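Participant: Okay, sequence plus prediction incoming.
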Number of protein chains: 2
Amino acid sequence: MAAENSSKACEAHPMTGGDGPYSYANNSTLQRGGLDVSKELVRKAIAEKLDVEILPSNTFRIADLGCSVGPNTFLAVENILEGVEFKYQSQGMNSQIPEFHVFFNDHTSNDFNMLFKSLPQNRRYYAAGVPGSFYGRLFPDASIHLAHSSYAIHWLSRVPKAVVDSNSPAWNKGRIHYSNSTDEVIRAYETQYTEDMECFLQARAKEIVYGGLMVLTFPVRPDGTPHSDSSSNVMAQLLGSCLMDLVRKGVVKEEKVDSFNVPVYTMSPQEFAAVVEHNGCFSMEIMVGLPSTLVHDPILIAQVVASTIRAGMGEDLKHQFGEEVLDELFDLFRKKCEEHTSAFDPGKGVILLVVLRRKAD
Amino acid sequence: MAAENSSKACEAHPMTGGDGPYSYANNSTLQRGGLDVSKELVRKAIAEKLDVEILPSNTFRIADLGCSVGPNTFLAVENILEGVEFKYQSQGMNSQIPEFHVFFNDHTSNDFNMLFKSLPQNRRYYAAGVPGSFYGRLFPDASIHLAHSSYAIHWLSRVPKAVVDSNSPAWNKGRIHYSNSTDEVIRAYETQYTEDMECFLQARAKEIVYGGLMVLTFPVRPDGTPHSDSSSNVMAQLLGSCLMDLVRKGVVKEEKVDSFNVPVYTMSPQEFAAVVEHNGCFSMEIMVGLPSTLVHDPILIAQVVASTIRAGMGEDLKHQFGEEVLDELFDLFRKKCEEHTSAFDPGKGVILLVVLRRKAD
């Protein structure tokens, strides 16, 4: 129950709330792109993989994990809902289409007020907000028919302790990510990732009904690609090097960089499959890379990447380094991205779409 | 479904959010007093009136309607949860105590961010927030086992249109409440009340399982007491007369008072029973007045009343008259309450505790 949730120390890294120029609501086109290309695939997965026998006659419950503030979450939910309706229709169960109850989940510090205010007026579902980390329990046993999560499970539950401990061999001095760091730092991140994903799968295994689905999209590094080369990792490295530039300019204190780490881990498909296999409660029904939605214009790429990262990490960066450095930092970052657009070549970073099915015990 | 909700035009009158000096969180001791005295009665009602046959083996779902931001809602929920657990135990169903899913409902403009941040750490239930007016549908069919609402259903869904229409015979010029007004204004409020309660009961009748309970506490005027004499109505009248004092002082524009009305209706037990009877879906299991929790010191009474009303209506008043008048208004109001403490005598205003049971169709 909830006690399990609170016993697991989780850090919240909310997207920037509200609807200002740097808000997630206005800077999530990259995530939106992933949603658009996955739309058909998700509906196909529901049509083919959702077990007819689990279709309820009363209420079909959907959870969106790490929903942030919309509009992406509303589009994802609407697509799933249509997919499920189509499933009923295709099974000749037209008259048995149930009511839908949709649970929007994110950290307690997520801007739920904003999320609720922007709920679609003409929605065909009952909506609820669920505060808490998805690395713990969020819902009663066997109560969810379909769980969805987009661009969220690459966020670790916390920065691994050792990487900010100056007495540890895994201290990540002068860097903010594992991907361009020492083996010790990489291992600390890998350990955290494995532990987090096990918690995630265990919690969902209890919450999702037998035969229910879990649809996940998240950035991965292609199998065989070194940590240091995958696109999303390069972004974190470039951001770190910008911060060190600001240290050299005297704008930012070095200790502040030493004690800051980005709690994001970029899995490989193989690694993810291994965690699912080890957990044992889900069968892997679909695992497919989504075509890149990044444009080919390097200046545009740099702009999109910079605004996306600012919306996603602006709050954390503000908290650590002060709001006054953000404009300079992201100006620098955008320029560095322009110089390194080859890092964003298709093949160096992929968005993976995974569909898991809850196996009967 | 949600469409029903949005088709009913509802106004939101949220309590003052946050945790400042005028917040609901810090000025809800009056409501808290009602909670304390009702505590034992609610547990007794659960023990005696909750149908054993409806006790689920998986998830017991509780809704708190008009929850505001706590802490009262958390205390109410904890009490209900203990009452339900005791019911299982007393039936020898100790090993079958289910998980609890608690839905905290209030208007979309309620401060859910604050509510979520103050959720008890050691809670024994899964929590969800549900935005929307309880005069429309909020939950799927037959999904709630026990619905609770404290100090909320006396708020109408809206100010009756006619009372702010200068062309209507029910125009409520120079007053902000029906209780000291013309017969036309009183009828407009009564009509709104009847319509709202019918919507409330219809929605709950669909959402609550057969045999499920609804526990309601709300201020009433004793049967036979004129509208103008009941305590909570006198508060609204005194507030209106303070506003008119400020009009005479030139601080507030008269048109602003003419276009402002408090959408609160103080039912009599008889009126409420009639609405329940007319709806036909619920049996009245308990209807009892709670002992007054007001202290006997007139200065203290006036302080408590003034701070309670400010927390409950401060946002609406600020919106209509400007923040700058609030201090002067409530200073005046507190003094008038001191002069009229006899209006708060027990017998002129009662908190009613009602327990309804969903009948099988």
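Facilitator: Perfect, I can see it now. On a predicted model such as this, the values are computed, not experimentally measured, just so you know.
Participant: what about the closest residue to chain B within the stretch 251-361 of chain A, neighbour count?
Facilitator: Closest contact between the stretch 251-361 of chain A and chain B, by C-beta to the nearest C-beta, is at A:Glu315 (13.9 Å). C-beta here means a position set from N, CA and C on the backbone, and glycine is covered the same way. Using other C-beta atoms under 10 Å in any protein chain shown, A:Glu315 has 19 neighbouring residues.
Participant: so it is in which element?
Facilitator: According to DSSP states H and E, A:Glu315 maps onto helix A:298-321.
Participant: Mind listing what's buried along that helix?
Facilitator: Residues of helix A:298-321 classed as buried: A:301-302, A:304-317, A:320-321 (neighbour count, 16 or more other C-beta atoms under 10 Å in any protein chain shown).
Participant: cool, stretch A:337-348 as well?
Facilitator: The neighbour-count check on stretch A:337-348 (16+ other C-beta under 10 Å) flags A:337-338, A:340-341, A:343-344, A:348 as buried.
Participant: what do you get for stretch A:122-139?
Facilitator: Residues A:123, A:125-139 are the ones in stretch A:122-139 that count as buried (16+ other C-beta under 10 Å).
Participant: Any part of that stretch near chain B?
Facilitator: Yes - counting by C-beta under 8 Å from any C-beta of the partner chain, chain B has neighbours in stretch A:122-139: A:122-132, A:137-139.
Participant: nearest residue to the most centrally placed residue in chain A other than its sequence neighbours?
Facilitator: Centroid-nearest residue in chain A, with C-alpha atoms, centre = their mean: A:Ala152, separated by 1.1 Å. In space, A:Ala152 comes closest to A:Gly66 once its chain neighbours are excluded; the distance is 2.7 Å by C-beta to C-beta, 6 or more residues apart in numbering or on different chains.
Participant: Next, work out how far apart that neighbour and A:Gln192 are.
Facilitator: Separation of A:Gly66 from A:Gln192 (C-beta to C-beta, to the nearest Å): 17 Å.
Participant: what's the answer for A:Ser118, then?
Facilitator: For A:Ser118, the distance to A:Gln192 - C-beta to C-beta - is 33 Å.
Participant: more neighbours, the two?
Facilitator: A:Gln192 (21 against 17).
Participant: my guess is the more buried one is in a helix, correct?
Facilitator: Yes - assessed by DSSP: H, G, I helix; E, B strand; the rest coil, A:Gln192 belongs to a helix.
Participant: shouldn't it be in contact with A:Val163?
Facilitator: No - taking contacts as C-beta atoms under 8 Å, A:Gln192 lies outside contact range of A:Val163: 9.1 Å.
Participant: separation between the residue in the stretch 201-350 of chain A that chain B sits nearest to and A:Ala152?
Facilitator: Chain B sits closest to A:Glu207 of the stretch 201-350 of chain A, with a gap of 9.4 Å, by C-beta to the nearest C-beta. If you measure A:Glu207 against A:Ala152 using C-beta to C-beta, the figure is 16 Å.
Participant: Any idea how many residues pack against A:Pro98?
Facilitator: Neighbour tally, A:Pro98, other C-beta under 10 Å: 19.
Participant: and what of A:Ser57?
Facilitator: 9.
Participant: excluding its backbone neighbours, what's nearest it?
Facilitator: Once flanking residues are discounted, A:Ser57 sits nearest to A:Gln96: 5.5 Å by C-beta to C-beta, 6+ apart.
Participant: residue contacts, the one you found?
Facilitator: A:55, A:57, A:88 (C-beta atoms under 8 Å, 6 or more residues apart in numbering or on different chains).
Participant: before we move on, the earlier item: is it possible to export the buried residues of stretch A:337-348 to JSON lines including distance to chain B?
Facilitator: Shown next, in JSON lines, are the buried residues of stretch A:337-348 (distance: C-beta to the nearest C-beta, whole Å):
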{"residue": "A:Cys337", "distance to chain B": "33"}
{"residue": "A:Glu338", "distance to chain B": "37"}
{"residue": "A:His340", "distance to chain B": "38"}
{"residue": "A:Thr341", "distance to chain B": "38"}
{"residue": "A:Ala343", "distance to chain B": "37"}
{"residue": "A:Phe344", "distance to chain B": "35"}
{"residue": "A:Lys348", "distance to chain B": "38"}
